[in-house]
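**Student:** Here is a sequence together with a model predicted from it:
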Amino acid sequence: MDFWAKGSVKVVKMAVLFRLYLCGLLVCGGITIFHQQSRGFAVKQLLNPFPTQVQHMNILSVSNLSKVYKSGSRKLTVLDEVTFDIKAGEIISIVGPSGSGKTTLLGLCAGLDSGSTGSVILDGNSLEKLSEDQRAAVRNQSVGFIFQNFQLLPTLTALENVMVPLELKKRKDARQKAQELLNKVGLGDRGTHYPTQLSGGEQQRVSIARAFANEPKILFADEPTGNLDTETGEMIEKLIFDLNKEEGTTLVLVTHDLELAAKTQRIIHIKGGKIQEGENA
Ligand SMILES: Nc1ncnc2c1ncn2[C@@H]1O[C@H](COP(=O)(O)OP(=O)(O)OP(=O)(O)O)[C@@H](O)[C@H]1O
């Protein structure tokens, strides 16, 4: 059903909710769609116009990437000269002790934040050369992100949360597509539930459906099975791996779950902000 045909009350509600979502994007280092639209031409010209598989073997290239936080005269080096590549279609896990910089690295790779020095080339785009607006456009074009704490919008239902990226892409079939995605994650009958009316595992599945809605070339997932019971964790694991099998989506998973990491093609070990990469046996 066309969302805009649902009447002015719904339109006003969604407009308010959209603003909330856009604020969420800003918190994540994003920008508003309105900025993108107004500067869309310039942004599109800067973005890589060619499909990943055709032009690039590497969908992600990270070179000498460092992240330093400053607090007064103190400096905290969270990532220290990190270098690695990920090929299109690969499944990679990033493992390491708590506080070693995994989430920070994932955010920099996805363009949610920018590094202090070094470079990240994501789907042919040098992120450090892009403005916030341009980075957000790259994310919309290529990236799905599953956050550790779900980051669902509390004032939207499950269905509306999944609809958000589809509405941003002006998909006319947003509601139908969102419903299909909810069906796929086993929550077809929970569309009208708000996040507080869902269990942790259900919220995680809604956030996965939202990440899939973008039809990403590369999916970043921060602890996608963390804090879930074994059965739900396995279901989520299957959903993510199926996305790779069916769509060829590149997967980059941050996890403490060594069994999950062992199922990926390659494990990147990080300790004290430094990378030690080893092939998965
Ligand atoms: N905005 C910030 N300002 C200052 N320090 C930060 C900031 N964000 C993260 N850090 C620090 O960076 C370090 C790495 O954090 P990060 O969340 O990347 O670790 P992690 O490996 O993902 O940990 P965990 O496995 O516990 O989630 C931590 O010591 C953290 O305190």
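**Tutor:** Yes, it's here. Numbering: from 1, shown residues only.
**Student:** phi, psi of residue 265?
**Tutor:** The phi/psi pair for residue 265 (degrees, to the nearest 10) reads phi -70, psi -30.
**Student:** Okay, and the beta partners of the closest residue to it other than its chain neighbours?
**Tutor:** Leaving aside its sequence neighbours, residue 265 sits nearest to residue 91 (CB to CB, 6 or more residues apart in numbering; 4.9 Å). Where you see a C-beta, it was placed from the backbone N, CA and C, and this is true even at glycine. Beta-bridge partners for residue 91, by DSSP bridges, are residue 251.
**Student:** just checking, residue 91 touches residue 264?
**Tutor:** Yes: taking CB atoms under 8 Å as the definition, residue 91 is a contact partner of residue 264 at 4.6 Å.
**Student:** shared neighbours of these two, which are they?
**Tutor:** Common neighbours of residue 91 and residue 264 are listed as 251, 253 (criterion: CB atoms under 8 Å, 6 or more residues apart in numbering).
**Student:** residue at max distance from the center of this structure?
**Tutor:** What lies farthest from the middle of the chain is residue 73; by CA atoms, centre = their mean that is 33.2 Å.
**Student:** one step back: what pLDDT is listed against the residue nearest to residue 265?
**Tutor:** For residue 91, the model assigns a pLDDT of 97.
**Student:** circling back: and the residue farthest from the centre of the chain, what are its phi and psi?
**Tutor:** phi -90, psi -10.
**Student:** quick one: it from the ligand, how far?
**Tutor:** In this view, residue 73 and the ligand are 14 Å apart by CB to the nearest ligand atom, to the nearest Å.
**Student:** Tell me if I'm right that residue 206 and residue 187 touch.
**Tutor:** Yes: counting by CB under 8 Å, residue 187 is a contact partner of residue 206 at 6.5 Å.
**Student:** Not counting the helix or strand that contains residue 164 itself, show me its contacts.
**Tutor:** Residue 164 is part of helix 158-168 when elements are defined by DSSP states H and E. If you take CB under 8 Å, 6+ apart as the criterion, helix 158-168 is touched by 3, 14, 17-18, 21, 33, 140, 152-153, 156, 173-175, 177-179, 181-182, 187, 190-195, 198, 202, 206-207, 209-210, 213-214.
**Student:** Output the helix or strand following that helix as CSV, restricted to C-alpha atoms.
**Tutor:** Later in the chain than helix 158-168, the nearest helix or strand by DSSP H and E is helix 174-184. Taking C-alpha atoms only, helix 174-184 is exported to CSV below (Å, rounded to 0.1, in the frame of the first residue of the first chain):
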residue,chain,number,x,y,z
ALA,A,174,8.4,0.2,0.8
ARG,A,175,5.6,-1.2,3.0
GLN,A,176,5.3,-4.5,1.0
LYS,A,177,9.1,-4.9,0.8
ALA,A,178,9.4,-4.2,4.6
GLN,A,179,6.7,-6.8,5.3
GLU,A,180,8.6,-9.4,3.2
LEU,A,181,11.8,-8.7,5.1
LEU,A,182,10.0,-9.1,8.4
ASN,A,183,8.6,-12.4,7.1
LYS,A,184,12.1,-13.5,6.2
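**Student:** Name the residues of helix 174-184 that are buried.
**Tutor:** For helix 174-184, the buried set under the neighbour-count rule, 16 or more other CB atoms under 10 Å, comprises 174, 175, 177, 178, 179, 181, 182, 184.
**Student:** Could you list which of those residues also contact the ligand?
**Tutor:** With the criterion set as CB under 6 Å from any ligand atom, no member of the buried residues of helix 174-184 is near the ligand.
**Student:** Return the member of the residues you listed nearest to residue 218.
**Tutor:** Ranked by distance to residue 218 (CB to CB), those are led by residue 181 at 18.1 Å.
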